[in-house]
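*Asks:* return a 3D structure for these sequence lines:
(one chain, ligands or ions: 1)
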Amino acid sequence: MKVLICASAAEVVARAAKTVVAKVRAKPDAVLGLATGATFEPVYEELVTAQRAGVISFAKATTFNLDEYVGLPTAHAQSYRSVMRRCLFDHVDIDPARAHLPDGMASDPDAEADRYDALIAAAGGIDLQLLGIGVNGHIGFNEPSSSLGSRTRTKDLAPPTIAANSRYFAPDENMPRQSITMGIATIMEAREVLLVATGAAKAAALRAAIEGPVSAFCPASALQFHPRATALCDEEAASGLALMDYYRGIDHGE
Ligand code: PGA
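*Replies:* Alright, predicted model coming up:
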């Protein structure tokens, strides 16, 4: 895995946005895998700015988000469809028909998961997949113990994920406990993967992902098998890495 350590979270955001911009400029009809979460909100802000400035266009692009809550109405402010609309889709020239998320309100979530995998395949697969990492090492909602061979499916949220995401819901609200998420094998099929982590809370998970054994206990560690995976992180998230000096010494170019 390529490990790229930036001096600050702001620099991480800029590099992540630059990677997406470069991809879409090189391939206007790129298929992008998108992630929700606090890490990516400022990245999407930069993409909106880039599109408004005419640097890129999403008019021919297709996107697939990693996951969606099951049973949360699409119109709810915290559905990932709503989050993506607020952060990106409503502000750029993407064709809404090509901005995909799993339908968490589908009457048959298992069939919806199969449909989603088939839709990704029909679009030609994902060119660049953006990934955050959970404090427990999850990618998408693939919680620890997820099969490394998993496809898009329903998955129960783990307690650390519920704890981390409950801040987005009112205390008297029942936050969803289940998701439809791309599987680990689905994610691994992306031609290129960019894992982005900022802040000290991610240090242990990032170390396990990059330097730990490949294990379902840390789903992000599966990326060690990916031929084109980059971990982009700030100093705080990198603080647990044993080989920090080695990663710093590598010239990753621009
Ligand atoms: P975050 O979420 O960007 O809000 O930290 C990352 C994740 O849980 O995958």
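
*Asks:* drop to CA atoms for contacts and neighbour counts, all remaining ones
*Replies:* Noted.

*Asks:* and the gap between the closest residue in space to Gln224 that isn't next to it in sequence and His226?
*Replies:* Among residues not flanking Gln224 along the chain, Met1 sits closest, at 5.9 Å (CA to CA, 6 or more residues apart in numbering). Taking CA to CA, to the nearest Å as the measure, Met1 falls 8 Å from His226.

*Asks:* now the stretch 151-254 of the chain against the ligand: closest residue?
*Replies:* Using CA to the nearest ligand atom, the single residue of the stretch 151-254 of the chain nearest to the ligand is Thr161, 6.8 Å away.

*Asks:* my read: that residue touches Gly134, true?
*Replies:* Yes - using CA atoms under 8 Å, Thr161 is in contact with Gly134, at 7.2 Å.

*Asks:* comparing the two, which residue is more hemmed in?
*Replies:* Taking other CA atoms under 10 Å, Thr161 and Gly134 do not tie; Gly134 has more neighbours (24 against 17).

*Asks:* picking up where we left off before, ok, now which ones touch the residue of the stretch 151-254 of the chain closest to the ligand?
*Replies:* Thr161 is in contact with Gly134, Val135, Asn136, counting by CA atoms under 8 Å, 6 or more residues apart in numbering.

*Asks:* what about the strands in the stretch 101-250 of the chain?
*Replies:* Along the stretch 101-250 of the chain, counting by DSSP state E, counting those that start in this stretch, strands occupy 128-131, 153-156, 178-181, 193-197, 229-234.

*Asks:* kindly reformat these as a markdown table containing distance to the ligand, mean neighbour count and mean pLDDT.
*Replies:* Output for the strands of the stretch 101-250 of the chain, formatted as a markdown table (distance: least, CA to the nearest ligand atom, whole Å; neighbours: other CA atoms under 10 Å; pLDDT from 0 to 100):
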| stretch | distance to the ligand | mean neighbour count | mean pLDDT |
| --- | --- | --- | --- |
| strand 128-131 | 7 | 25 | 99 |
| strand 153-156 | 14 | 21 | 98 |
| strand 178-181 | 11 | 25 | 98 |
| strand 193-197 | 7 | 24 | 98 |
| strand 229-234 | 12 | 23 | 98 |
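
*Asks:* so which of these is nearest Ala22?
*Replies:* Comparing those against Ala22 with CA to CA, the closest turns out to be strand 128-131 (10.8 Å).

*Asks:* neighbouring contacts of the closest one?
*Replies:* Against strand 128-131 from outside (CA under 8 Å, 6+ apart): 20, 23, 31-35, 139-140, 187, 190-196.

*Asks:* can you check stretch 52-62 too?
*Replies:* Residues from elsewhere that reach stretch 52-62, judged by CA under 8 Å, 6+ apart: 21, 24-25, 28-32, 50-51, 92-95, 98-100, 123.

*Asks:* among the residues you listed, which lie within helices?
*Replies:* Within the contacts of stretch 52-62, residues falling in helices by DSSP state H are Val21, Val24, Arg25, Ala50, Gln51.
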